[in-house]
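Asker: following is a predicted model, sequence given first.
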Amino acid sequence: MVRTQLVFLFVFVITFVIGIVAGDGFRLANSYGDHMVLQASPASATIWGFGLPDYTVAVYFNGKLYNSTVSRGNNGTNWVWSVELDPTPPGGPYNITATHFNTSDVDARAALIDVLFGDVWVCGGQSNMEFILPEMFEAEKYLNDSVNYPNIRVFGVGRNISPTPIYDTVNRLNWSLPSPGTLGGDGYVFSYFSAICWVFGVEMYTYRGYPIGLIEVPYGGTPVEAWMSPPALAACGIVPKPPYAEEKSIPTRCWNGMISPMLNMTIYGVIFYQGEGNANDSTHYDCAFAEMISDWRFRFTNSPAQFPFGFVQLSSRMLPEYVVTEFPVVRWKQTGNYGYAPNPTLPNTFMAVAMDLGDPESPYYTIHPRYKVDVGKRLALGAKAVAYGDVSVRHQGPYPTRLLVNNTKHSIDIEFSNGTELLHLNGYHGFEIQCNLYPMEQIWLQAPTSPDQPDPSSVQIQMSGPCGGDSTIYHTRGVRYGWRDTPCSYKNCAAYSIVTKLPAPSFYIPIPDSDSAVYTVWVDDVLPAPLN
């Protein structure tokens, strides 16, 4: 009897130390592994995997045993188990064991070694999120410093598309400690690890001071529809219309193969960089993007119901300034037609403006700017303010709150941020007015900007063309700013905050009719403003 117990203990210890999985049919899900980060309190982290029918899995963690019966999964095929750990404060490392058994047999054991608890962030989207750290500006500094952040852990979900939801991830990078090797991959531009995701993680770790888990899950060249579930597509009236140039562009394919397998995990939030894939057809983008966010929140059932969701507003492709493409339309629709985030359509979201971060010399094509440090830091500001509720952090650039329309002087004063944001003007370009040529035709005209600001928080533009005269049949119907694929060169758009150095985002403000010569338009009263 003693000999049997010693052999049993020896097998258990060996299994525990090397973290192997034994036994047919029993294992942890692929998204779990040694060195991982599990979500810390107040959430309860979930651990799950696969097993055999009628077996029980006992998970031992921090002096407590958690039991789960293996049952049929939602897809009706796999047999799965899942336990929800007690809320655990940030820290570690911990070791976690799982035992698979039935009434007559202990079938197998598995272990997770060196597990930390902290905040888990998912980094998704297309190629600009997939863009790896070695190819960005300041890469050497961040790569060499990576070993100084052992409490940031990284995990990469591999590119995987599927016509139906799958249950487990295909891993590109197992949970790892950061190093030039794990972050730099094999040097191929879309290998691993995401530059933006890493910079964001460094900022979050420096800010919070506890472990951060980063899960990279992008796929280059994909439209937003590929990341949506069938119910989300239906909510926006989106019907797949084959043929598609590539399978990755088919609606739901990335959702099925890359997001669906992670839904049992507990996460803190998401950052997302996508939109280029919809530049040729953004018809449904305002609905699709908002519905995707809402649907992800609904389907990550083990995560906070309104987890924070950050996104990058499209950058530029360094086309001539006079070129108008769908990029500004996508930028506007990314915000749910408000121009800023968070807003009533996109609650608990934050946005990094990137239209001033174009890179005309990028060897990876101008659609892939190398200024990922700026993007990661701008996202981090939003996370501090929105995801962590830090009211001392200003994460948004100037945004219009009031228009003073003066038809006598043919001018419009644009007040930013309720008069509280001191503006730095790099120039007077980028503002346009929408002139109504009675009765039907409407055109956009450059609006000359007065070099004399009405006050430090306002810009005055002049009505131009037919709308700049005294005619009673031509009316100014709207104002917009930054409405170009490439509104400016690097950090040289017209309007910035003096304090935060953040740019004003592109915007479109409709102007209602009025019989008054001078009148005020409160921007909140005319938003959201869907584009015709």
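Answerer: Right, received. Where do you want to start? Numbers count the residues shown, from 1 in each chain.
Asker: pull up the distance across stretch 264-276, start to finish.
Answerer: 29 Å (Cα to Cα, to the nearest Å).
Asker: how about stretch 514-530?
Answerer: 21 Å.
Asker: contact partners of that stretch?
Answerer: 286, 336-339, 343-345, 399-408, 508-512 (Cβ atoms under 8 Å, 6 or more residues apart in numbering). C-beta here means a position set from N, CA and C on the backbone, and glycine is covered the same way.
Asker: please apply the same query to stretch 355-368.
Answerer: With contact meaning Cβ under 8 Å, 6+ apart, stretch 355-368 is reached by 127-128, 131, 135, 189, 276, 313-318, 331, 369-371, 374-375, 482, 486-493, 503, 505-506.
Asker: in helices, which of those residues appear?
Answerer: Of those, the ones assigned to helices by DSSP state H are 127-128, 331, 374-375.
Asker: for stretch 48-55, buried residues please.
Answerer: Neighbour counts using 16 or more other Cβ atoms under 10 Å place 48-52, 55 of stretch 48-55 among the buried residues.
Asker: can you check stretch 101-111 too?
Answerer: Buried-residue list, stretch 101-111, by 16+ other Cβ under 10 Å: 101, 107-111.
Asker: wait, isn't R253 in contact with I161?
Answerer: Yes. Counting by Cβ atoms under 8 Å, I161 is a contact partner of R253 at 4.0 Å.
Asker: what is in contact with these two at once?
Answerer: Jointly contacting R253 and I161 under the rule Cβ under 8 Å, 6+ apart are 226, 247.
Asker: looking at those two, which one has more neighbours?
Answerer: Using other Cβ atoms under 10 Å as the criterion, R253 and I161 rank with R253 on top: 23 against 20.
Asker: got the contact list for that one?
Answerer: R253 is in contact with 161-163, 226, 247, counting by Cβ under 8 Å, 6+ apart.
Asker: need the pLDDT of it.
Answerer: At R253, the model reports a pLDDT of 97.
Asker: ok, the one 10 residues further on next?
Answerer: For L263, the pLDDT comes out at 96.
Asker: neighbours around it, how many?
Answerer: L263 has 17 nearby residues by other Cβ under 10 Å.
Asker: and Y428, by the same measure?
Answerer: If you count neighbours by other Cβ under 10 Å, Y428 ends up with 16.
Asker: my read: it touches C493, true?
Answerer: No. Applying Cβ under 8 Å as the test, Y428 and C493 come out as separate, 11.4 Å apart.
Asker: can you show me the strands along the stretch 151-300 of the chain?
Answerer: 152-157, 171-176, 212-218, 269-273 (DSSP state E, counting those that start in this stretch).
Asker: can you lay out those strands as CSV showing mean neighbour count?
Answerer: Compiled in CSV, those are given as follows (neighbours: other Cβ atoms under 10 Å):
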stretch, mean neighbour count
strand 152-157, 26
strand 171-176, 18
strand 212-218, 27
strand 269-273, 27
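Asker: follow-up on the earlier one: and the contacts of R253, which are buried?
Answerer: For the contacts of R253, a neighbour count by 16+ other Cβ under 10 Å gives the buried set as 161-162, 226.
Asker: closest to S260 out of those residues?
Answerer: Nearest to S260, judged by Cβ to Cβ, of the buried ones among the contacts of R253 is S162 at 8.2 Å.
Asker: how much space between the closest one and A245?
Answerer: Separation of S162 from A245 (Cβ to Cβ, to the nearest Å): 18 Å.
Asker: quick one: distance of stretch 273-288 to the chain centre.
Answerer: Distance of stretch 273-288 from the chain centroid (Cα atoms, centre = their mean, to the nearest Å) equals 14 Å.
Asker: buried sites along it?
Answerer: Buried-residue list, stretch 273-288, by 16+ other Cβ under 10 Å: 273-279, 282, 284-288.
Asker: what is the neighbour count of S249?
Answerer: 16.
Asker: out of everything not next to it in sequence, what's closest to it?
Answerer: When the adjacent residues along the chain are set aside, S249 lies closest to P223, with 5.8 Å between them (Cβ to Cβ, 6 or more residues apart in numbering).
Asker: so who does that neighbour touch?
Answerer: Here P223 is in contact with 249, 277-278, 281 (Cβ under 8 Å, 6+ apart).
Asker: and which of these is nearest V120?
Answerer: Looking at the contacts of P223 and their distance to V120, the nearest is G277, at 25.8 Å (Cβ to Cβ).
Asker: and the closest residue to E326 other than its chain neighbours, how far from V375?
Answerer: In space, and not counting its chain neighbours, E326 is closest to A279: 4.6 Å by Cβ to Cβ, 6+ apart. Distance, A279 to V375, by Cβ to Cβ: 18 Å.
Asker: got the contact list for Y205?
Answerer: Counting by Cβ under 8 Å, 6+ apart, Y205 has contacts 149, 151-152, 211-212.
Asker: can you lay out those as CSV showing pLDDT and distance to G465?
Answerer: Output for the contacts of Y205, formatted as CSV (pLDDT from 0 to 100; distance: Cβ to Cβ, whole Å):
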residue, pLDDT, distance to G465
Y149, 98, 55
N151, 98, 59
I152, 98, 54
P211, 98, 58
I212, 99, 52
